[in-house]
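1. Have a look at this fold, sequence not included:
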DNA sequence: GCCTTTATAGCACGACGGTGCCATGATAAT
DNA sequence: ATTATCATGGCACCGTCGTGCTATAAAGGC
């Protein structure tokens, strides 16, 4: 029916992608405030300033909304931290202390040190734990975890290549250990923000990296 | 404690405490299978082989049921691990390698290395994350976390006293770091049991303890 | 003008949640 | 036997949630 050009003949105004992202924002706000069980269509629609029918116009199912929320969360986290990683890699010049400082900053992106990162950690944690009993979420959660794993791995490998870490260090095991540390800290801090202050989190991370570089002076086991 | 003859004048047969624990068992089974949102009164009652009214006879609210489940979970975890800790402390004799091995076994109680510990980790994780948005659970979850914290702290202090760890080691920070590591590993393993095998978990814990004792040969920073 | 497509909103239905209330059976004291 | 107490089970009510369906308004293409 329509002529050959299928691209520019949309008789509408709003951008669906942008709308979906806006709804995802509402999901994040509700989940951060009331938990995942509070992310009902009515709550999300109310948070987004829309009606339930409007939200359902962009998401067929409640499941699809949750899946999109996880995907979008993974996209944003990956995007933000990859940008940070590129900043680190681009500035390959600099003293060893500078590289160490920037590496620590990069890894600190995974800790709830401010409101933005705190919400992000809480959301990652919430969706991840929920994915255990929700097959539809598990696949995308796994992808997000894989992204974070590779990022930490690349970071350690980069530090190793630049001489900041010993060449004989088991980066795979250290990646798992470091990621577990970051996740565990985030978990505790998400539960008890008053006990786990930003300074304490930074101190633990700093200490852990100290131990990693100190292993170089010890040589292979 | 075995159900001894009641001394009071109760015209009944069953022991309410035992019944409440049995219902808690049903809660654990349902939560482990379907997540916390699946722990409805109907599901729990069905799992326990009772009717909803029967469950409600022992728990006024759904909230009270959840609170009791958290408390009981904390009790059991603490009981089991404290028993293990006493075994460690009672056998203060033995070579350094033996002490190290038993310490590692004690800390391994927090890792999902078998079905029992796996369920326990999953339950701890589920209730903890849920407590973030449920004030009624937060208080008891905090108590459970405090118990685990103190246990890890005592373990490290014991190792330090016996000479297994350097005297100048910051046990408080190391406790936080070790607990974050255990929590993070448990979180990952709960999500992806196939990727995080028992051997891998043991290896990471072993490696971490190696790093701790290796810090003794490095002296103060 | 007309018509198609999209955006937004609302209603109604069925399913399921917690909970108040009550009926029945069992037990032990009187 | 009577009665009080407790255990157990079921019913019914009300709220909420997801979802199918429909209505209305706006924006191009013809």
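-> Yep, that arrived. Everything numeric here is computed off the predicted structure, so don't read it as measured data.

2. same for the longest helix along chain A, what does it pack against?
-> Longest helix in chain A by number of residues (criterion: DSSP state H): helix A:62-90. Applying 3 or more Cβ pairs under 8 Å, 6 or more residues apart in numbering or on different chains; DSSP states H and E, one finds that helix A:62-90 makes contact with helix A:16-34, helix A:41-48, helix A:96-107, helix A:115-131, helix A:135-161. All C-beta atoms are positioned from the backbone trio N, CA, C, and that covers glycine.

3. From DNA strand D, how far out is residue A:154?
-> Residue A:154 sits at a distance of 38 Å from DNA strand D (criterion: Cβ to the nearest atom of the strand, to the nearest Å).

4. what residues go with each domain of chain A?
-> The record assigns chain A these domain ranges, following automatic domain parsing: A:14-59, A:62-217.

5. quick one: the last one to chain centroid distance?
-> The chain centroid and the centroid of domain A:62-217 are separated by 8 Å, computed with Cα atoms, centre = their mean, to the nearest Å.

6. so who does residue A:145 touch?
-> The neighbours of residue A:145, taking Cβ atoms under 8 Å, 6 or more residues apart in numbering or on different chains as the test, are A:128, B:188, B:191-192.

7. ok, the residue nearest the centre of chain A to DNA strand D distance?
-> In chain A, the C-alpha nearest the mean C-alpha coordinate belongs to residue A:77, at 3.6 Å (Cα atoms, centre = their mean). Distance of residue A:77 to DNA strand D, given as Cβ to the nearest atom of the strand: 24 Å.

8. Please verify my assumption that that residue contacts residue A:144.
-> Yes. Because the distance of 6.9 Å satisfies Cβ atoms under 8 Å, residue A:77 is recorded as touching residue A:144.

9. So which of the domains of chain A is nearest residue B:213?
-> domain A:62-217 (11.9 Å; Cβ to Cβ).

10. quick check, the closest one touching DNA strand C?
-> No. Judged by Cβ under 7 Å from any atom of the strand, domain A:62-217 makes no contact with DNA strand C; its nearest approach is 11.5 Å.

11. What's the mean pLDDT across that domain?
-> Mean pLDDT, domain A:62-217: 93.

12. and residue A:30, how many neighbours does it have?
-> The burial count assigned to residue A:30 is 20, neighbours taken as other Cβ atoms under 10 Å in any protein chain shown.

13. hang on, I meant residue A:42
-> Count around residue A:42 with other Cβ under 10 Å applied: 10.

14. For it, which non-adjacent residue is spatially closest?
-> Once flanking residues are discounted, residue A:42 sits nearest to residue A:52: 5.7 Å by Cβ to Cβ, 6 or more residues apart in numbering or on different chains.

15. Show the contacting residues for the one you found.
-> A:41-42, A:45.

16. cool, and residue A:211?
-> Contacts of residue A:211 by Cβ under 8 Å, 6+ apart are B:211, B:215.

17. tell me which element it is part of?
-> Residue A:211 is part of helix A:198-214 when elements are defined by DSSP states H and E.

18. buried set for that helix?
-> Buried residues in helix A:198-214, counting neighbours by 16 or more other Cβ atoms under 10 Å in any protein chain shown, are found at A:198, A:200-201, A:204-205, A:207-209, A:211-212.

19. quick one: that helix to helix A:96-107, angle?
-> Using axes from the mean of the first three to the mean of the last three Cα atoms, to 10 degrees, the direction of helix A:198-214 lies 130 degrees away from that of helix A:96-107.

20. Quick one: work out the angle between helix A:198-214 and helix A:135-161.
-> 50 degrees.

21. at contact distance from DNA strand C, anything in stretch A:17-28?
-> Yes. Residues of stretch A:17-28 contacting DNA strand C under Cβ under 7 Å from any atom of the strand: residue A:19.

22. Among the buried residues of helix A:198-214, which one sits closest to residue A:83?
-> Distance to residue A:83 across these (Cβ to Cβ) is lowest for residue A:205, with 20.0 Å.
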